[in-house]
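J.: Generate coordinates for the sequence data below:
(chains A and B)
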Amino acid sequence: DSGVTQTPKHLITATGQRVTLRCSPRSGDLSVYWYQQSLDQGLQFLIQYYNGEERAKGNILERFSAQQFPDLHSELNLSSLELGDSALYFCASSVATGQGQDTQYFGPGTRLTVL
Amino acid sequence: LAKTTQPISMDSYEGQEVNITCSHNNIATNDYITWYQQFPSQGPRFIIQGYKTKVTNEVASLFIPADRKSSTLSLPRVSLSDTAVYYCLVGRLYNYGGSQGNLIFGKGTKLSVKP
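T.: Take a look at the predicted model:
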């Protein structure tokens, strides 16, 4: 158990819909990362937040957005869903000391299925 | 951005040493190299991290040549439970001073350990 929690575990929805994935980081971790993992694309970094502010952006679509709240939990919002958005979505957290590259602790993931 | 290349798969037998190499020709000066292990339907788990030369911990060693354009994860005496996908991650969280970082995962190497 990494200490990172994600809800829900599974999500099934239809094309065109909007969903919200939630992540609670490990106690004391200030940084949260979101990743998408699909069979053909591997693990894709989407976005990173540090203490409420966006810090790094990867291959995140405009239909996707994220935020980190004052209590440090984070939400990833996916809208106008397409079949290709079906994937595992992982959240990770780190202490974010600013020294080098912090160890990331990954949650168990949310499996999104778009029908 | 540093792109990474890893072998898609590798086979080994219990008790053997396994070396997985990751190429990252465009690695930036401030980039670190981190390796993660992932079992099916679980989030990746940190194995080891390095910047240059050699790093060793209780589970693996990481060799990084002087030019840092590649790195090799070495797993001594693998067991069946080491069967997993191994990811090489190159990048940095963020830079103080405003510029955003990025994190690039390789496609992963599927290691199969046989009895």
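
J.: Please count neighbours and contacts with C-alpha atoms only from this point.
T.: Noted.

J.: after the host helix or strand of A:Ala56, next one along is what?
T.: Assigned by DSSP states H and E, A:Ala56 belongs to strand A:53-57. Next along the chain after strand A:53-57, taking DSSP H and E as the criterion, comes strand A:64-68.

J.: got the angle for that following strand vs strand A:53-57?
T.: On the basis of axes from the mean of the first three to the mean of the last three C-alpha atoms, to 10 degrees, strand A:64-68 is oriented at 140 degrees to strand A:53-57.

J.: Strand partners (parallel or antiparallel) of the following helix or strand past strand A:64-68?
T.: Next along the chain after strand A:64-68, taking DSSP H and E as the criterion, comes strand A:74-78. When sheet partners are counted by DSSP bridges, strand A:74-78 sits next to strand A:19-24 (antiparallel), strand A:64-68 (antiparallel).

J.: Quick check: mean pLDDT of the shortest one?
T.: Right, the one you point to is strand A:64-68. The pLDDT scores in strand A:64-68 average 96.

J.: residues of that strand that come out buried?
T.: Under the neighbour-count criterion of 16 or more other C-alpha atoms under 10 Å in any protein chain shown, strand A:64-68 has A:Phe64, A:Ala66, A:Gln67, A:Gln68 buried.

J.: what's across from the third one in the sheet?
T.: The residues listed as beta-bridge partners of A:Gln67 by DSSP bridges are A:Glu75.

J.: I figured it hits A:Ser74, correct?
T.: Yes. The pair A:Gln67 and A:Ser74 passes the contact test of C-alpha atoms under 8 Å, sitting 5.6 Å apart.

J.: picking that back up, close to chain B, is the strand holding A:Ala56?
T.: Yes. Interface with chain B: strand A:53-57 contributes A:Arg55, A:Ala56, A:Lys57 (C-alpha under 8 Å from any C-alpha of the partner chain).

J.: where exactly do the strands run in chain A?
T.: Using DSSP state E, the strands of chain A run over A:5-7, A:10-13, A:19-24, A:31-38, A:42-50, A:53-57, A:64-68, A:74-78, A:87-94, A:105-106, A:110-114.

J.: nearest to B:Gln37, of these?
T.: Of all the strands of chain A, strand A:105-106 sits nearest to B:Gln37, with 11.0 Å by C-alpha to C-alpha.

J.: Rebuild the residues of strand A:53-57 next to chain B as CSV, extending it with pLDDT and neighbour count.
T.: Below are the residues of strand A:53-57 next to chain B laid out as CSV (pLDDT from 0 to 100; neighbours: other C-alpha atoms under 10 Å in any protein chain shown):
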residue, pLDDT, neighbour count
A:Arg55, 82, 21
A:Ala56, 81, 21
A:Lys57, 83, 18
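
J.: In terms of distance to chain B, which of these ranks first?
T.: Distances from chain B to those, taken as C-alpha to the nearest C-alpha, are shortest for A:Ala56 (5.0 Å).

J.: Okay, and the beta partners of the closest one?
T.: Under the criterion used (DSSP bridges), A:Ala56 bridges to A:Gln48, B:Gly101.

J.: returning to that earlier point: packing partners for the strand holding A:Ala56?
T.: In terms of contact count using 3 or more C-alpha pairs under 8 Å, 6 or more residues apart in numbering or on different chains; DSSP states H and E, strand A:53-57 is assigned the packing partners strand A:42-50, strand A:64-68, strand B:84-94, strand B:100-105.
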